[in-house]
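In: Mind folding the following:
(one chain, ligands or ions: 1)
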Amino acid sequence: MTEPTGKARSTQLGDLRQQNYSTIMRELMRSGPTARTDLATTIAMSTGSVTRLTGALVRAGLLAEVAEPAQRGKGRPKVPVGIDGSTYGVIGVHFGLYRVNACVIDLRGQLVAELHTTERTTRLDSLVRSAARSVRKLVDGSRLTVLGAGASTGGWVDSSTGRVRNQPILGWQNAPLAKALQDATGLPVLVDSQVRALALAEHWFGAAAGVDDFIHLFVGNVVGAGFVFNGSPYRGAHSAAGGLDHLPVPGRAGEACVCGSRSCFAVVGGDLEVARRARAAGLIGDDDEVYDVFGLAVSGDARARRLLQERAALVGKATATLIELLDPELVVIGGGISAPADHVPVLRDSALKELEAHGGGDAAARIVPSAFGPHALGIAAGAIMLDAVYRSPEAFVPALTAPALQ
Ligand SMILES: [Zn+2]
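Out: Sure thing, here's the model as predicted:
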């Protein structure tokens, strides 16, 4: 082996330092405020290195020392350090059908502010302009310095090219979403599919915090799964992993899927079918939507509850198939199925029954609802950018590379 040249060596050292910053921030996000000596033990780094690196991160505004009540006894008090939620933030933008959600979250993933707009169009340029106006308001109104924006939508989103390859509900084909939003806001923008964004958010600061192998199953207007394996989102060879719309499930939908079948997961188990059935049963009016069915269920309407429980049981069977296929530690359930009327226990019982019938009930994953309720999609879009910040903090916070901080 040859010795690296000066420049290559300094690049290697820079990479190593960046990796160490990332390790420290990820561990503190996972474990909460921690004394430096304990942090050093957990991540197998020397206390001296941890002190030096956390010092730089504190000065850059990424970490903060957490004031503790005065400690009695001998020795220096241990002052824990944690993620600083008061200096930087990221924007999340979710593009849904007739609705754009934008929000600011801090570095701990806490929602700081949120704006919804109702849209009459599905055109990319119009929706991006509307989103950019919301983003500007949020940036101007926030006490946080915004580091960038994450954007999500349903369908097939290629995060590596920043393009939405196919979004059937909005009718987008090969749409350059990242570039359009970046040009309109002046912020760095990363895009991903909403199911992967949801999985990332649950992994960073939600129901799957600390779990490295899990599935996030989203059942709403669309159906899809986000996979996190070994702590990283699984995208597949073409960024298309996670589509479950056309998985055949038991049952028959009132309307055919775009593919012509009436037994696809999206048409049998999705929110649109729930609303259609509720309309057919006279539970809601012609102009009402699935949210009105949720409202009835919450207020105790037995027929609305039964309709949602039937849907939950059906989704439970499909969940059993996913568990058998991938053997995850945890399945997080999100979308209309999980909020506001919580039918996750029905879904869980159905999945367990199915797994037991197949002889594999004992190894069943835990099944839990999403941690974010109605704010999930905006927060999750922000998690796309937050994930990038945690992976390479130096790329987003130039103060970290200043010589005085090294
Ligand atoms: Zn289909």
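In: Which positions in the protein make contact with the ion?
Out: H246, C257, C259, S261, C264 (C-beta under 5 Å from the ion). Bear in mind the C-beta positions are built from the backbone N, C-alpha and C, glycine included.
In: Most neighbours out of these, which is it?
Out: When neighbours are counted by other C-beta atoms under 10 Å, C264 leads those with 22 neighbours.
In: my guess is it meets L244, correct?
Out: No. Counting by C-beta atoms under 8 Å, C264 stays clear of L244, with 9.1 Å between them.
In: which ones are touching V139?
Out: Going by C-beta atoms under 8 Å, 6 or more residues apart in numbering, V139 touches I91, V104, V146, L187.
In: Work out for me the element it sits within.
Out: Assessed by DSSP states H and E, V139 sits inside helix 124-141.
In: Tell me the helix or strand right after that helix.
Out: Sequence order places strand 145-153 as the next helix or strand after helix 124-141, per DSSP H and E.
In: then that following strand to CSV, C-alphas only?
Out: Only the C-alpha atoms of strand 145-153 are listed here, as CSV (Å, rounded to 0.1, in the frame of the first residue of the first chain):
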residue,chain,number,x,y,z
THR,A,145,-32.3,28.8,10.5
VAL,A,146,-33.7,26.5,7.9
LEU,A,147,-31.0,24.1,6.4
GLY,A,148,-33.1,22.7,3.5
ALA,A,149,-36.4,21.1,2.5
GLY,A,150,-37.6,17.5,2.0
ALA,A,151,-40.5,16.9,-0.3
SER,A,152,-42.6,13.8,-0.7
THR,A,153,-45.5,12.5,-2.7
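In: quick revisit: which two in the contacts of V139 are spaced the farthest apart?
Out: Based on C-beta to C-beta, the longest span within the contacts of V139 runs between V104 and L187 and measures 11.6 Å.
In: neighbour-wise, which of these two wins?
Out: V104 (25 against 18).
In: Leaving out sequence neighbours, find the closest residue to the more buried one.
Out: V112 (4.4 Å; C-beta to C-beta, 6 or more residues apart in numbering).
In: wait, what's in contact with that neighbour?
Out: With contact taken as C-beta under 8 Å, 6+ apart, V112 is in contact with G89, C103, V104, I105, D106, S142, L144.
In: Over to G210?
Out: Contacts for G210 (C-beta under 8 Å, 6+ apart) come out as R30.
In: for G360, same thing?
Out: E324.
In: Could you check how far it is from P250?
Out: Separation of G360 from P250 (C-beta to C-beta, to the nearest Å): 19 Å.
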